[in-house]
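Engineer: Here is a sequence with its predicted model. Questions after.
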Amino acid sequence: MNYWDRIRNYLQQKVTAEGFDNWLKGTAQVGQEGDTLYVSVPDRETRAWLETEYSNLIAAGIEELGLPLRRVSYETAVPRAAHPMAAAAPVPRAGVRAKRMHLPRR
């Protein structure tokens, strides 16, 4: 279980079922760099909600779970069809591993 899954499990006990479904269910960990956790969110509204309304709960979860994190960065997921380079993006062949993308530090 990755760090974000552990945080989401913690939050599931702290927020309403509706709140969890609306704001947390569609999120996923996409990476970690040092003490920063990168989380994919479905849209800007979810990102804003997590950064404001749930930020204290998330910080408390990180502390209570003893996770080595100091920051969570939310990245808005872009649907493939909406991305301007989606049509030109190469598709990895079977058996070929795609390169892992590292997110820039902010």
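Structural biologist: Arrived safely, thanks for sending.
Engineer: List the residues that contact His69.
Structural biologist: Just to correct that, residue 69 is Leu rather than His. Neighbour list for Leu69: Tyr3, Gln32, Asp35, Thr36, Leu37, Ile62 [criterion: CB atoms under 8 Å, 6 or more residues apart in numbering]. In short, each C-beta sits where N, CA and C put it, glycine included.
Engineer: wait, is it part of a strand?
Structural biologist: No: applying DSSP: H, G, I helix; E, B strand; the rest coil, one finds Leu69 to be coil, outside a strand.
Engineer: Please tell me how far it sits from Gly34.
Structural biologist: Leu69 sits 9 Å away from Gly34, going by CB to CB, to the nearest Å.
Engineer: Over to Tyr54?
Structural biologist: Distance from Tyr54 to Gly34, by CB to CB: 22 Å.
Engineer: What average pLDDT does stretch 12-28 get?
Structural biologist: Mean pLDDT, stretch 12-28: 96.
Engineer: Check the gap between Glu75 and Tyr38 for me.
Structural biologist: As judged by CB to CB, Glu75 and Tyr38 stand 6 Å apart.
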